[in-house]
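Trainee: Sequence plus predicted model, see below.
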Amino acid sequence: MRLCPSALLAAFVAAAAAAVPANVVAEQDTSGALVVAKVGTKTVTARALVKRLASVPEFQMATFGSSPAEIKRNFLEQVVVRDELFAQGAEAKKLDQTTRARERIDHALRTARINLLRENLEVTPAEVAAYYAENRARFDAPERIAVTRILCATKSEAATVLADAKSNGTPQRWNDLAREHSLDKATSMRGGALGFLAQDGSSSEASVRADPALFVAASKVKDGEFVPEPVEEGKNFAVLWRRGSTPAVHRTVDEESGAIRQVLARHKVADAVKALTDSLRGGQKIEEHPDLIDLIEVSADGSVAQRKRPGVAKRRPAQPPAPSATPAGLR
């Protein structure tokens, strides 16, 4: 039997109301909520039980029974009451005052406070549109062409190299020609690869910038084809082989809205956390002792140790007494 959480909660509320006999006044807490259980000094209200049930996944909820009545009763007994018993038992032993417990409580409080900040923050459509307009370059990418180039001193040499490359047509022969003829020693040992060029001559390789004329020439042939004529590049001539390309990309504000909202939300949370930290610092007396902090050593591998204070003598471990000579030998 599959029970969706919303149907189960509706059934629970209805069953809770119907379970109270007409001649019995249901016990309520100070806020008027129906009390479904008492554990020591604590009460469990129907509202609190409904909230706990709402957080349980459907598959897990089914393990508490096959009907709404079974599920709510078993969940109350096996989870809510048991948790409250453990909590009160820990308080009785003052476990909530231990260092480890306090650290976990403080962590839970910190998390709850930051989560409250997140819940109260909103990213508006206008903010998304403004971020998109200010960062347009992140969402638009121009067409790029992968070009390899052999730079020759003369047009006749470039024509000879181009004819040789066309007749063979293999990357190995092209690489050999680049090493033998290219004047650009920065790229000759890698087959003259210039990376993916944009129309302005910029390259996907950070250290490379090419003449925009190379992009114009390469754009007139298909991927895998040689540019049919040497291209004038300054006082020299370039032999070009178009190896591939990536099309232009344009992402609309609607397509990027989700990602932009996440970025803006992170920025807003960071700003809100800083503002909250500053305001809390202003209302708290804080004492710091840098001289004592310097006694803590953190090694390169991340291990932490406390250095001895100056003037503190290192205690030596106790040593067994040295043997002494007796008529019967060493004792």
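Mentor: Received it, and whenever you're ready, just let me know what you need.
Trainee: any idea which helix or strand comes after whichever strand or helix holds Glu297?
Mentor: Secondary structure assignment for Glu297, by DSSP states H and E: strand 296-298. Next along the chain after strand 296-298, taking DSSP H and E as the criterion, comes strand 304-306.
Trainee: strands paired with that following strand, and their directions?
Mentor: Sheet neighbours of strand 304-306, with direction, are listed as strand 296-298 (antiparallel) (DSSP bridges).
Trainee: who's in contact with the helix or strand hosting Phe215?
Mentor: Taking DSSP H and E as the definition, Phe215 sits inside helix 212-218. Outside helix 212-218, the residues that touch it by CB atoms under 8 Å, 6 or more residues apart in numbering are 145, 147, 149, 194, 197-201, 227, 231-233, 238, 240, 242. To be clear about C-beta, it is placed using only N, CA and C from the backbone, and glycine gets the same treatment.
Trainee: Can you give the distance from that helix to the centre of its chain?
Mentor: How far helix 212-218 lies from its chain's middle: 40 Å, per CA atoms, centre = their mean, to the nearest Å.
Trainee: buried set for it?
Mentor: Within helix 212-218, the residues that qualify as buried are 214-215, 217-218, counting by 16 or more other CB atoms under 10 Å.
Trainee: Also stretch 50-59?
Mentor: Buried residues in stretch 50-59, counted by 16+ other CB under 10 Å: 50, 53, 56.
Trainee: didn't the last one look like it was pressed against Phe75?
Mentor: Right, Val56. Yes - the criterion here is CB atoms under 8 Å, and Val56 meets it with Phe75 at 7.4 Å.
Trainee: about what we covered before: check which element follows the helix holding Phe215 along the chain.
Mentor: As assigned by DSSP H and E, the chain's next helix or strand after helix 212-218 is strand 231-233.
Trainee: packing partners for that following strand?
Mentor: Applying 3 or more CB pairs under 8 Å, 6 or more residues apart in numbering; DSSP states H and E, we find strand 231-233 packed against helix 212-218, strand 236-246.
Trainee: could those go into CSV alongside distance to Val128?
Mentor: Output for those, formatted as CSV (distance: least, CB to CB, whole Å):
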stretch, distance to Val128
helix 212-218, 34
strand 236-246, 27
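Trainee: ok, Arg47 to Gly283 distance?
Mentor: Relative to Gly283, Arg47 is positioned 33 Å away (CB to CB, to the nearest Å).
Trainee: The two: which has the busier surroundings?
Mentor: Arg47 (15 against 6; other CB atoms under 10 Å).
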